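Asks: Predicted structure and sequence below. I'll ask about it afterward.
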Amino acid sequence: MPIPDDYLERVYAGVLGKIIGVYLGRPFEGWTYERIMAQLGEISGYVHERLDKLLVVTDDDISGTFTFLRALQDYGCRRTISPAEIGQAWLNYLVEERTILWWGGLGNSTEHTAYLRLKDGVPAPQSGSVEMNTRVVAEQIGAQIFIDGWALVAPGDPELAADLARRAASVSHDGEALHAACALAAMEAMAFVEGDIPALLEAAVSVIPKESVVYRLYADLRERRLIEPDWQKARQYIASCYGYDKFPGNCHVVPNHALILLGLLYGEDDFQTSLMITNTSGWDTDCNSGNLGCLLGIKNGLAGIDTSKVDWRGPVADRLYLPSADGGRAISDAAREAVTIANLGRELANLPPQTPKSGARFHFELPGSVQGFQVEADPASPGRLRIENAAGHSRTGERCLAIRWREHPRAGSRAKPMDPAADGWMRVATPTFIPPEARRDQTGYLLLASPTLYPGQVVQTRIEADNDNEGPVRCGLFLQCYIQGEPGGADALDHVSGPRVLLLPGEDGEIGWHVPDLGGSPIAAVGIEILPETGRGQAGFSAGSLYLDLLTWEGEPKVTLRRAEKGGSMWRQAWVNAVDQYRAVYPEAFRLVQNRGRGMLIHGTQEWRDYRVSAGITPHMVRSGGIAARVQGLRRYYALLLAPQSRLRLVKLADGGAGPTGEQVLAETELSWQPRETYDLALEVTGDSRHGTRLQGWVDGRRIFDLRDDSAPLEHGAVALVCEAGTLACEVVRIQPAGAAGSS
């Protein structure tokens, strides 16, 4: 079936439905219907503030859904991708005991059990099988909650969606859990082209065995809907016949799948009503609500979400977190993920990708999207500034982000500049690293992340002034970065202003900013600031509007990463911690301890391509250790290592290479390295798959290796410190564009 014309927009609606549903149900996850009704009543909108909780949080339902789908990118975007390959993606992106999963232990947490099987060399689907893990463990809810992405890449093709879902789900689950995942994926895929709910239900049962419990559940609840109009009585029937007491384990899939169907059957095809029913019914509320929200988002599009009496989208502002071994992907938004997913679907259909506004990071092309941008609060005049997605005002697209403000003069400020400390400047920004509020997330799921923006890169934007503005508007770029206060003090945000332009009514302007050195402080946000006009003898703002067409950045970083001398923690949290112990023992900024196997401390983003990473490595007592480049997770990178038996090695890991871990030795030589001596290692990577990747390695300023990798080379990725079985230390890590040190 051909890809629908509105495919990207419907994917976006599905992603929004997923995250809205999760954020809605997360604050009371695990509550019973009785407790919900007693303490909250029917869940007709967000309740996080009533429970003193954050709305946008790190959650396994979101991070697993959009991370495990990356197996398609890593293995050639094939319809025939295998469970074993998807299992390799688990090992590559999961940081053990820290990201995505509930790490509840062997035989207790289904996903943790499957992960341990994979880690021990048991490939999928055996890793998730009933034979290995027992039926109770294998039939819990996880297969269902992670499945939406596999349907989003198969629009109008329920058979393909179910097939991909079965392959992905079998990494960790089996039995009824697979059937539930396949049924849900089939409905979501069919929802791109079919608006009739009975037809979606037929698609679901067409891909699962007739003798299964899930098949019987569909028949039973459809019949119940014909004879029972009251959803609460139907819920009671589910509790009596399909409740937790009927299915052992921590969170069985069947009772929760039943509540998804309850919302679908009784929700009258209304987003708010359907989510109310499913959430009010209790049990695994965020999981069930997220799956149903995704299905309804796909089926009814953005209009189905926007016409609700509840402002679902405004408080969320597209924001989502995806913590994994790829820290540069952790801070994301619904529009960015939708473009990535839709392009996977297009590739599966042999169609070219869509790149809104030539691939700009923030393009606002999807209706209503704000891509994480929010107004910076001004206590002196709350509500003065607002943002909204608007049509037009774009040179290469169809939409933009409108920034609007009402008049706000400042008394007592005649004919003098505004005080920068209390100036009333208006600002909108989007996060590029862990926001301050996310640091108090109490969900139990860690937000491991690296910044997405760095010194040395060039930020570019285009802004247009409204024709009806009363006069010129001064505006510009700005950053917020984490800095440390006095010794031992907490991290605080510092404001860094960039270039500015003066725009007359109807005029547009472009701004480019080469991000300056910030002393190693991680950049937390980037945005637009609007400065007060000072003509006409009165400083202040006349009512007006600006239109942000796009904001993006490019280039390689130029940054030195070291200990922050005045304390704080965000400089440390900018690294993805995938070692047993990550310490800072003065004067060492980075001390890595790995008890068994290989651990990594990862920093940066997948957008980095041609650069040099260098560091002074001190092996205290270690089997091997060094630096890595073009890191794409825990099992995809190049590394320059001090190796056993007085060797220096340049290695490549890409899952399917030689050896049990996929490691391939590209070059090696003798190097009589000694414990507690410091060795200055440098690794430079340039090139791509078309021309091959050139790798150069130095020790103490002497180039040792210079070779080319022409066999499926890694083309991009972050940097890392690598430690295998022991302890090593490092004081400073430097990253700079390739050739900047005159080494090429």
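Replies: That came in fine, so what should we check first? In this text, all values refer to a predicted model and were calculated from it rather than measured experimentally.
Asks: what about the stretch 501-650 of the chain, any weak spots by pLDDT?
Replies: Residues of the stretch 501-650 of the chain meeting the criterion pLDDT under 70: 533-541, 565-567.
Asks: residue boundaries of the helices in it?
Replies: 570-573 (DSSP state H, counting those that start in this stretch).
Asks: Could you count how many residues lie near the residue nearest to Arg98 when sequence neighbours are not counted?
Replies: Of all residues not flanking Arg98 in the chain, Leu446 sits nearest, at 5.2 Å (C-beta to C-beta, 6 or more residues apart in numbering). Bear in mind the C-beta positions are built from the backbone N, C-alpha and C, glycine included. Neighbourhood size, Leu446 [other C-beta atoms under 10 Å]: 17.
Asks: which strands and helices sit next to the longest helix belonging to the chain?
Replies: Taking DSSP state H as the criterion, the chain has its longest helix at helix 285-306. Applying 3 or more C-beta pairs under 8 Å, 6 or more residues apart in numbering; DSSP states H and E, one finds that helix 285-306 contacts helix 7-25, helix 60-68, helix 142-145, helix 148-152, helix 176-190, helix 253-266, helix 271-280.
Asks: how about those helices, which one is nearest Gly519?
Replies: Gly519 sits nearest to helix 60-68 of all those, at 31.1 Å, using C-beta to C-beta.
Asks: Let me see the ranges of the strands in the stretch 401-550 of the chain.
Replies: 408-409, 426-431, 458-465, 473-484, 491-503, 508-514, 523-531, 540-541, 544-554 (DSSP state E, counting those that start in this stretch).
Asks: again with the stretch 551-700 of the chain
Replies: For the stretch 551-700 of the chain, the strands defined by DSSP E, counting those that start in this stretch cover 559-562, 576-578, 581-583, 590-603, 611-631, 636-643, 647-654, 663-670, 679-688, 692-699.
Asks: out of those strands, nearest to Ala89?
Replies: strand 636-643 (9.8 Å).
Asks: now what about that closest one, what contacts it?
Replies: The set of residues external to strand 636-643 that reach it, using C-beta atoms under 8 Å, 6 or more residues apart in numbering, is 74, 92, 617, 619, 622, 624-631, 648-655, 666, 668, 671, 673, 679, 681-683, 685, 693, 695, 697, 705, 709, 714, 717, 720, 722, 724.
Asks: on that earlier part again, ok, the residue nearest to Arg98 - contacts?
Replies: Thr58, Arg98, Thr99, Pro323.
Asks: State the pair within the residues you listed that is farthest apart.
Replies: Farthest pair in the contacts of Leu446, by C-beta to C-beta: Thr58 and Arg98, 11.0 Å.
Asks: Now the common contact residues for those two.
Replies: Shared contacts of Thr58 and Arg98, counting by C-beta under 8 Å, 6+ apart, come down to Pro323, Leu446.
Asks: Which residue of those two possesses the greater neighbour count?
Replies: Set Thr58 next to Arg98 and count neighbours by other C-beta under 10 Å: Thr58 wins out with 25 against 17.
Asks: Count the neighbours of the closest residue to that one other than its chain neighbours for me.
Replies: By the measure of C-beta to C-beta, 6+ apart, the closest residue to Thr58 outside its immediate chain neighbours is Tyr445, 4.2 Å from it. By other C-beta under 10 Å, the residues close to Tyr445 number 22.
Asks: Check the gap between Tyr445 and Asp60 for me.
Replies: 6 Å (C-beta to C-beta, to the nearest Å).
Asks: and for the two, which residues touch both?
Replies: Shared contacts of Tyr445 and Asp60, counting by C-beta under 8 Å, 6+ apart, come down to Ile100.
Asks: how about the contacts of Leu446 in TSV, adding distance to Leu221, secondary structure and pLDDT?
Replies: Putting these into TSV (distance: C-beta to C-beta, whole Å; DSSP: H, G, I helix; E, B strand; the rest coil; pLDDT from 0 to 100) gives the following:
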residue	distance to Leu221	secondary structure	pLDDT
Thr58	33	coil	96
Arg98	38	coil	95
Thr99	35	coil	96
Pro323	36	coil	97
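Asks: Out of these, flag the one nearest to Ile298.
Replies: Thr58 (24.1 Å).
Asks: For the residue most central in space within the chain, list the residues it contacts.
Replies: Most central in the chain under C-alpha atoms, centre = their mean is Leu322, positioned 2.9 Å from the mean C-alpha point. Counting by C-beta under 8 Å, 6+ apart, Leu322 touches Ile62, Ser63, Phe66, Thr67, Arg329, Ala330, Ser332, Glu337.
Asks: Tell me the predicted confidence for it.
Replies: On pLDDT, Leu322 comes in at 98.
Asks: Can you tell me how far it is from Thr452?
Replies: 12 Å.
Asks: Gly243 now?
Replies: 44 Å.
Asks: Show me which of these two is the more surrounded one.
Replies: Applying other C-beta under 10 Å to Gly243 and Thr452 shows that Thr452 carries more neighbours, namely 24 against 16.
Asks: how close does Gln232 get to Tyr266?
Replies: 9 Å.
Asks: quick revisit: make a PyMOL selection of the buried ones in the contacts of strand 636-643.
Replies: Buried residues within the contacts of strand 636-643, by 16 or more other C-beta atoms under 10 Å, are selected in PyMOL with:
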select buried, resi 74+92+617+619+622+624+625+626+627+628+629+630+631+648+649+650+651+652+653+654+655+666+673+679+681+682+683+685+693+695+697+705+709+714+717+720+722+724
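Asks: Please tell me the pLDDT value assigned to Ala658.
Replies: Note on Ala658: pLDDT of 38.
Asks: Spatially, and excluding backbone neighbours, which residue is closest to Glu677.
Replies: Thr618 is the one closest to Glu677 (C-beta to C-beta, 6+ apart), at 7.1 Å.
Asks: residues in contact with that neighbour?
Replies: So Thr618 contacts Glu588, Arg676, Glu677, Thr678, Tyr679, Leu728, Ala729, Cys730 (C-beta under 8 Å, 6+ apart).
Asks: and if you look at Met187?
Replies: Ala151, Pro158, Leu200, Leu201, Ala203, Ala204, Leu295.
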